[in-house]
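J.: A predicted structure for the sequence below; I have some questions about it.
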Amino acid sequence: MVLFGADRVAEFPSLFAGRVALLTGPSGRTSGNVPTIDVLKQCCNLQLLLAPEHGVRGDKAAGALFADEIDESSGLPVRSLYTKDSKRLSRETLALFDTLVYDIADVGCRYYTFLTTLRYCIEDCAAAGKRLVVLDRPNPLGDRVEGGIVRSEVISFVGGYEIPVCYGLTCGELAEMMNRELHCGCDLHIIPCAGLTRSMTFRDWGHCWVMPSMGIPRFETALLYPGTCLIEGTNCSEGRGTGDPFGIIGAPFIQAEVFCKAFNALGCPGLEATPVYFTPTASKHQGVLCGGIQLHILDETVLEPVAMGVRLLDLLRKMYPKNFSFLPPVREDGKIFLSLLAGHRDFEKPDWDADALLARYAEESARFRVRKAPYERYPKE
């Protein structure tokens, strides 16, 4: 059975000296399902909670900004790192602790904003001379590397570092990479997992799936997310407001049976789709009947979610040229949200080619495997 960093806090008492702050979410729990908040309250001077997107308890909607508050369960003050004004550690917040502990599960995918929050914590703690302790967690996708590297001109909160969509590192390994590559000089410490190998995915850990956010209810969702999250940048529904977010894709203008047949003809490895009609209860097309597909994973070992997402975009634009569109820019610099997710601006070109794009992705992923090797702390088998 794999142990998380949160299981091993008692082995490293010297790392938790002074006033301690904890950056966490609902997934911040030991392998025995004990909240990390409770663990730290028993062994150190836990003074403060820091909240990323979705909040400490997961009670904030995706993208919802929120203010400081008091955590009712623990009685601890909570500083929001997801406000309109800033998503970084302010001087006032940095003055409240000596050691910052990071314990959040992500999904092994660059779009997840927790990774950018981690970068900001490394940079801000380094500048303020604060210690940062990362309680390491396995990557649910294991050593999977897929997709292109983020271009510097589209760095954003959903793509905050130059890594591929699937980056094949634990949060502790990624923290070490960012600290060294960015020359931060942060007083960074990693409490490692035990019993973990690089070939393991979530199915090998021996634990229940704890949702890192409400949009990722199952491990199968996390497997599809690197591809179907791209639909968030379009006028199609990515399945929010249904029982299968990121597994159901559709729009009011799609005839389900016809589209499903065309998608299955693409032959995406490890996938099969069935036609579906659905009415989202939230998000895009709320209360409107949509047609589309539900994706089923037949073999996750050959699944290529990012490639599937690119093929899906390509199919939608070709089948529905008068209806399908990208969402308008969300930033003053005119970059559309899809470009921020993708990490490049190729989709903004009307003549973009799926095969050429995926060939470039493959080259960039191969280079990243070499780049990440020095930061890998767990054995392959």
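T.: Arrived safely, thanks for sending. This is a predicted model, so every value here is computed, not measured. Residues are numbered from 1 along each chain as shown.

J.: make it CA atoms for all contacts and neighbour counts henceforth
T.: Fine.

J.: Strands along the stretch 201-350 of the chain, start to end?
T.: For the stretch 201-350 of the chain, the strands defined by DSSP state E, counting those that start in this stretch cover 248-251, 271-278, 290-297.

J.: typo on my end, it should be the stretch 51-200 of the chain
T.: Using DSSP E, counting those that start in this stretch, strands in the stretch 51-200 of the chain cover 69-70, 77-80, 99-103, 131-135, 145-146, 166-167, 187-191.

J.: Distance to residue 281 and mean neighbour count for the ones you listed - can I get that in TSV?
T.: Output for the strands of the stretch 51-200 of the chain, formatted as TSV (distance: least, C-alpha to C-alpha, whole Å; neighbours: other C-alpha atoms under 10 Å):
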stretch	distance to residue 281	mean neighbour count
strand 69-70	28	13
strand 77-80	28	21
strand 99-103	32	26
strand 131-135	36	24
strand 145-146	32	26
strand 166-167	30	25
strand 187-191	41	18
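
J.: Reformat these as JSON lines; add mean pLDDT and distance to residue 200.
T.: JSON lines is the format used below for the strands of the stretch 51-200 of the chain (pLDDT from 0 to 100; distance: least, C-alpha to C-alpha, whole Å):
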{"stretch": "strand 69-70", "mean pLDDT": "96", "distance to residue 200": "38"}
{"stretch": "strand 77-80", "mean pLDDT": "96", "distance to residue 200": "33"}
{"stretch": "strand 99-103", "mean pLDDT": "98", "distance to residue 200": "20"}
{"stretch": "strand 131-135", "mean pLDDT": "98", "distance to residue 200": "18"}
{"stretch": "strand 145-146", "mean pLDDT": "98", "distance to residue 200": "14"}
{"stretch": "strand 166-167", "mean pLDDT": "98", "distance to residue 200": "14"}
{"stretch": "strand 187-191", "mean pLDDT": "98", "distance to residue 200": "19"}
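
J.: if we can go back for a sec, burial-wise, tell me which of the strands of the stretch 201-350 of the chain comes out on top.
T.: Burial of those is given as mean neighbour count (mean count of other C-alpha atoms under 10 Å); strand 248-251 ranks first at a mean of 26.

J.: CA atoms only for it - export them in PDB, please.
T.: Presented in PDB, the C-alpha positions along strand 248-251 are these (Å, rounded to 0.1, in the frame of the first residue of the first chain):
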ATOM      1  CA  ILE A 248     -20.000  13.700 -21.800                       C
ATOM      2  CA  ILE A 249     -19.500  16.200 -24.600                       C
ATOM      3  CA  GLY A 250     -22.200  17.900 -26.600                       C
ATOM      4  CA  ALA A 251     -24.200  20.900 -27.700                       C
END
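
J.: Who are the packing partners of that strand?
T.: Under the contact definition 3 or more C-alpha pairs under 8 Å, 6 or more residues apart in numbering; DSSP states H and E, strand 248-251 sits against strand 290-297.

J.: for the strand it packs on, packing partners?
T.: Packing partners of strand 290-297 (3+ C-alpha pairs under 8 Å, 6+ apart): strand 248-251, helix 256-264, strand 271-278.

J.: Which among the strands of the stretch 51-200 of the chain is found nearest to residue 174?
T.: With C-alpha to C-alpha as the criterion, residue 174 lies closest to strand 166-167 of the strands of the stretch 51-200 of the chain, at 8.7 Å.

J.: Can you show me the helices along this structure?
T.: For the chain, the helices defined by DSSP state H occupy 36-43, 91-94, 114-128, 171-181, 219-228, 256-264, 305-319, 337-342, 354-372.

J.: Would you mind listing where the stretch 251-381 of the chain has pLDDT under the threshold?
T.: For the stretch 251-381 of the chain, the stretches flagged by pLDDT under 70 are 332.

J.: Go ahead and flag the most central residue of the protein.
T.: Central residue of the chain (C-alpha atoms, centre = their mean): residue 112, 2.3 Å from the mean position.

J.: which residues sit in contact with that residue?
T.: Neighbouring residues of residue 112 by C-alpha atoms under 8 Å, 6 or more residues apart in numbering: 106, 158.

J.: and it, how far is that from residue 216?
T.: 11 Å (C-alpha to C-alpha, to the nearest Å).

J.: what's the pLDDT at residue 1?
T.: Here, the pLDDT recorded for residue 1 equals 87.

J.: before we move on, what about residue 109?
T.: 97.

J.: what residues are up against the nearest residue to residue 12 once chain neighbours are set aside?
T.: Nearest residue to residue 12, sequence neighbours excluded (C-alpha to C-alpha, 6 or more residues apart in numbering): residue 191, at 7.8 Å. Applying C-alpha under 8 Å, 6+ apart to residue 191 gives the contacts 5, 6, 8, 9, 12, 133, 134, 135, 136, 172.

J.: Against residue 41, how distant is the residue nearest to the third one when sequence neighbours are not counted?
T.: The spatial neighbour of residue 8 that comes closest, neighbours along the chain excluded (C-alpha to C-alpha, 6+ apart), is residue 191 at 7.2 Å. Here the criterion is C-alpha to C-alpha. By it, residue 191 lies 18 Å from residue 41.

J.: quick revisit: in a markdown table, list the helices and strands packed on strand 290-297 along with distance to residue 292.
T.: Formatted as a markdown table, the helices and strands packed on strand 290-297 follow (distance: least, C-alpha to C-alpha, whole Å):
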| stretch | distance to residue 292 |
| --- | --- |
| strand 248-251 | 4 |
| helix 256-264 | 5 |
| strand 271-278 | 5 |
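
J.: Residue 312 is nearest to which of these?
T.: helix 256-264 (7.4 Å).

J.: which residues sit against that closest one?
T.: Contacts for helix 256-264 (C-alpha under 8 Å, 6+ apart): 272, 273, 274, 275, 276, 277, 291, 292, 293, 312, 315.
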